[in-house]
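J.: Turn this into a model:
(2 chains)
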Amino acid sequence: MTNMLGLKTKMLAAALVFGALLLLPSCAGHPDVPSSSKDAGCLPAIFPDYCDVTVPCNIAPLNFMLPADQFDACVARFSTPDGRQQTYGKGVKVQMPVSEWHAILDASKGKSLKVEVWGQKENEWLSFAPFEIHVADEPIDEYLSYRLIEPSYIVYDYMEIAQRDLTSFEETQIFNNKVSCDDPKGQCINCHSYQNYKTDNMLFHARVTRGGTVIVSDGKVSKVNLKRDNTISAGVYPAWHPTAKLIAFSTNLTHQVFHTAHPNKVEVFDTASDLILYDVATDSVSIISNDSTLLEVFPTWSPDGRYLYYCKSVPLPEELRGEDISATWSKVQYNLYRRSFELTSRTFGEEELVYDAASADKSVTLPRVSPDGRYILFAEGQHGCFHIWHHDADIACLPLAQDSVIDLSCLNSEGFAESYPTWSINGHWIMCASRRIDGNYSRVFISYFNNGKARKAFLLPQEDPEHNTFRLKSYNRPEFMVEPVGISVDQFSKVFQ
Amino acid sequence: MKYVRSLYTLLFGVAVVLFFGLAYPHHLHYQEQFQLFLFDSTYMWDIVRWPGGVADLLGRFCTQFFLFAWVGATIIGVLLMLVQLLTLRLVDWGRFYGLSFVPSFLLWLFLLDENALMGGVWAVLLTLAASWIFDLIPGGWTRRILLILAIPALYFLVGPISVVFLLLQAPHPRRSPWYYGVFLLLAIMVVALSYRLPVAADRLWTGIHYHRYPTVVPKLLWAAALSVFVLTFVVRVCQKWADISRPSLFVPLCSFAVVAIVMGSLVGRNANIKAEKVMQYDFMACHQQWNRILQTAGAEKPNNQIGVTVQNLALAMRGMLVDHLYDYRQNGILGLLPDVATDATSPLPTAEAYYQLGMISMAQRTVFEAQEAILDFQKSGRCYKRLAQTNLINGSYEVTRKYLMALQKTIFYREWANETLQLLGNEEAIAKHPEYGRLRPLAFNNDFYFGDRVTSEMLESLYVSNKDNLLAYQYLLAYYMLTGDRDNYTRFLRQSSVRK
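T.: Residues are numbered from 1 along each chain as shown, chains lettered A, B, ... in the order given. Sure, this is the predicted structure:
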């Protein structure tokens, strides 16, 4: 009996020690706020800047940090509207467990949570002005996919199309250019696209080694060659019809040149581009538009599938026609057009001008219609079609019932390229790729949108905020998805064998 | 006898060190410049999470020391000696003692290829070490269970070379059916992994990162690894049929001498001294050793494109290009500023010329392309450094900071990165800097597009942008001389003398 008691005592002691050990990291993650501090009199210079942003009610933790070369430590206290508080901070970083953060979001849904930040500098604590994070009622699509690529010129290294769970930090690979490439020339993968934010019907291109367009139709993977005798190239920029197994593509003869002094670095341009319609079921290609004197590009469908929007170049002034393209390219500008589409007969109507950007000495690319069909987003710069390399490029939003764009300065940056705009499925979140952090490596920024008004954009959160500094890849062509791609890299690679 | 054997091993090691230190130092520099070892948990995890990742990580760790050729040579010498010593412990070699050097010699042959990676050497070494440790474990269930656990563990540590471990362990226990099951286990594991890992299935069998070329199966590495099994098997068989009494001192010496002569001659025959010369020119350009380049080029007149490019750059840096152009071998304008090719090696000396000329954006693009062309997707310390410099000169400080913060995580580039970080945004300090202060004012005044080829118009525009740019002046005159364009040569001389 004594032995039994002794054993029980030992087991209890062991359980207590184990429990204490379990609790230790939790305690370490919730530091005390400084007992005394000096008022800094300003907002904290946190990275990423999450001060007064509006975020979805299901977003991953907004981890941030104070500048490591200016501070030794950081403590942040989050207060929810119901009065609960929690503190975080380790070194100069504030990193929150996903489950605790979601509890904070749940308690603040439709309201705001208050954030107080203290920074330690040479053994002295500074207290910054508190800021709010507004938690919208509307959730964001759970997944995001993007191509991770060096901001390269012509040669490319390892690249991957990745998908990110926006409610956590999990990032997995959809495909990479290493798995099915056995040629030193390498393989380029690009232009992932989904039908209606779902992944049963999707596509991406592979070029150079074993190239082709990988199409997933009802979950079945195949690779097709979209270059036909009557097209100038294989399919390039894609757009799935929202209901039918039809994909509009542009076909492009694309070239690149490089600047000797201009910060834009790279200029990508087309010497020809047309529009085609691909029927997935019959593997047939028909021409939508192939004006040999003008450039048609970036097709996108209205949510009801009754209109195809696209960009088309404006004729060059008479005196520049016939000049070398490298001399005239900076004068090439695109307007936004649309054509009606009859699904049963698969015919397109007459071309209509939707937005005359050239008249304002601008050029429009990458249009995307909002899910409610009321607005259209696009990237707008001074010239050309590849605005991710244009420092003057911004995202613009046009209400389709009006002819002037609405203010999106909350989403855009000053002097850095913004491109690849897109809508979440509920139309309340706008996303774009922006080079605003350093001018070279593009990152994903998200902004809340409601009734024609956008709120301050926030950077895609990362588990370690420094990840944004150390990841030397650009986030290219970010696309929302409501579900992850279920096909493995290995399954995709089989179509290349 | 034991000490004599140690002497042979040492002799072999010294030969390896002398070979790589004296005859092959620039191959080691070449290896180092195509990787960037970071003391960073994300970087390390990205390597070790793949089969063979630990061997790969150790290989990359060693390769960073190749920046100093003698240190690199010593590391290779020590590793090859360890391979020989572990091979020696696997079996009583007797009169076949010399054969215990064969795997190490084969690894030496493997390393003659500038794209052979040190991870392969570590894979062989760790496999032999595992086998040796297992030989120390007494037989029985413990050993069997450990063997089952060791198979996946070793596969993950060193990759498919670990199959040699299975082969080496095969003769020891009695061959029960479940023993062969372990081979089956390995096969099933690899097949299962091919579905889980985003990597081509065939590379799980041949090795993910033993060689820089993803599709190359490194035959010499596999020969080195498999030779351990084959030789030990042959020696065991021979010893069953022959006298196994301890041989005299003379016999092992003879067997060592025979192996050393045969394998040594193979090493000599397969060493790519021509490539070593090209790499030497690249190394000297990278380290801006202009006088040494002129001495070397004067003595041997390089006939390869990289050598001629570097020689002309050195001539220009010493203000001798126009007057002494034809004292050296030339290769037309391709020897002056070659077209940018899509490989990792040839663009780098060209990029050095662009950089020194003040064509900073072109240098940046060329270096970036070269780094992107590294076939095993690694980054390069040399390229990161130059990309930081070009971005600094162009005023892109945040991009510079990114590269510098990565370089801060290295051993040998950290100090430079720390010093350069102090310059960011400090216009006065940059203006006073001997290199950046000189290069920044040389930039093009006007913006235009460029492609893969430098034209005389670009050089003239560069010179017009800053008439103190004597390098651009020399290159343009040399351009006209090499293309035989007398009219423009005379015109430019006249114009430039009027301007002066």
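J.: Where does the residue in the stretch 301-450 of chain A that chain B sits nearest to fall, secondary structure wise?
T.: Going by Cβ to the nearest Cβ, chain B is nearest to A:Asp438 of the stretch 301-450 of chain A, at 3.5 Å. Quick note: C-beta positions are derived from backbone N, CA and C, even for glycine. Per DSSP states H and E, A:Asp438 falls between elements, in no helix or strand.
J.: Contact partners for it?
T.: Taking Cβ atoms under 8 Å, 6 or more residues apart in numbering or on different chains as the criterion, A:Asp438 is in contact with B:396, B:398-399, B:401-402.
J.: change it to 6 Å
T.: B:398-399 (Cβ atoms under 6 Å, 6 or more residues apart in numbering or on different chains).
J.: near chain A, which residues of the stretch 201-350 of chain B show up?
T.: Residues of the stretch 201-350 of chain B that fall close to chain A, judged by Cβ under 6 Å from any Cβ of the partner chain: B:215, B:342.
J.: Now do the helices for the stretch 201-350 of chain B: every range, in order, please.
T.: B:201-206, B:219-241, B:250-270, B:273-286, B:290-300, B:305-317, B:321-324, B:347-357 (DSSP state H, counting those that start in this stretch).
J.: tell me what the last one is packed against?
T.: Using 3 or more Cβ pairs under 6 Å, 6 or more residues apart in numbering or on different chains; DSSP states H and E, the elements in contact with helix B:347-357 are helix B:273-286, helix B:305-317, helix B:360-372, helix B:470-483.
J.: can you put those in JSON lines and add mean neighbour count, distance to A:Thr422 and mean pLDDT?
T.: As requested, the helices and strands packed on helix B:347-357 are arranged in JSON lines below (neighbours: other Cβ atoms under 10 Å in any protein chain shown; distance: least, Cβ to Cβ, whole Å; pLDDT from 0 to 100):
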{"stretch": "helix B:273-286", "mean neighbour count": "20", "distance to A:Thr422": "44", "mean pLDDT": "96"}
{"stretch": "helix B:305-317", "mean neighbour count": "25", "distance to A:Thr422": "46", "mean pLDDT": "96"}
{"stretch": "helix B:360-372", "mean neighbour count": "25", "distance to A:Thr422": "27", "mean pLDDT": "94"}
{"stretch": "helix B:470-483", "mean neighbour count": "22", "distance to A:Thr422": "46", "mean pLDDT": "96"}
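J.: Around chain B, pick out the residues from chain A.
T.: Within reach of chain B by Cβ under 6 Å from any Cβ, chain A has these residues: A:152-153, A:155-158, A:173, A:176, A:179, A:182, A:257-262, A:326, A:438-440, A:489-490.
J.: quick one on the thing from earlier: of all the helices and strands packed on helix B:347-357, which lies closest to A:Asp274?
T.: helix B:360-372 (30.2 Å; Cβ to Cβ).
J.: Check which element follows that closest one along the chain.
T.: Next element after helix B:360-372 (DSSP H and E): helix B:381-393.
J.: follow-up on the earlier one: need the phi and psi values for the residue of the stretch 301-450 of chain A closest to chain B.
T.: phi -140, psi 0 (degrees, to the nearest 10).
J.: Let me know the pLDDT of it.
T.: With respect to pLDDT, A:Asp438 scores 93.
J.: which residues does the nearest residue in space to B:Tyr354 that is not next to it in sequence contact?
T.: In space, and not counting its chain neighbours, B:Tyr354 is closest to B:Ala363: 3.9 Å by Cβ to Cβ, 6 or more residues apart in numbering or on different chains. Residues near B:Ala363 by Cβ under 6 Å, 6+ apart: B:351, B:354-355, B:390.
J.: same thing with B:Thr342?
T.: B:Thr342 neighbours (Cβ under 6 Å, 6+ apart): A:155, B:373.
J.: what's the distance between it and A:Asn190?
T.: Taking Cβ to Cβ, to the nearest Å as the measure, B:Thr342 falls 18 Å from A:Asn190.
J.: For chain A, just list every one of the helices.
T.: Remark: helices assigned in chain A by DSSP state H are A:2-28, A:98-108, A:325-328, A:467-470, A:489-493.
J.: Below-threshold pLDDT in the stretch 251-400 of chain A: ranges please.
T.: Low-confidence segments of the stretch 251-400 of chain A, defined by pLDDT under 70, span residues A:326.
J.: Kindly recompute the last result at 80.
T.: A:321-327 (pLDDT under 80).
J.: quick one: low-confidence parts of the stretch 101-250 of chain A?
T.: Ranges of the stretch 101-250 of chain A meeting pLDDT under 80: A:181-185.
J.: which residue ranges form the strands in the stretch 101-250 of chain A?
T.: Here the stretch 101-250 of chain A has its strands, by DSSP state E, counting those that start in this stretch, at A:112-121, A:124-127, A:131-135, A:143-149, A:160-165, A:171-176, A:187-195, A:198-208, A:212-217, A:220-224, A:235-240, A:246-259.
J.: Since that was my last question, I'll sign off now.
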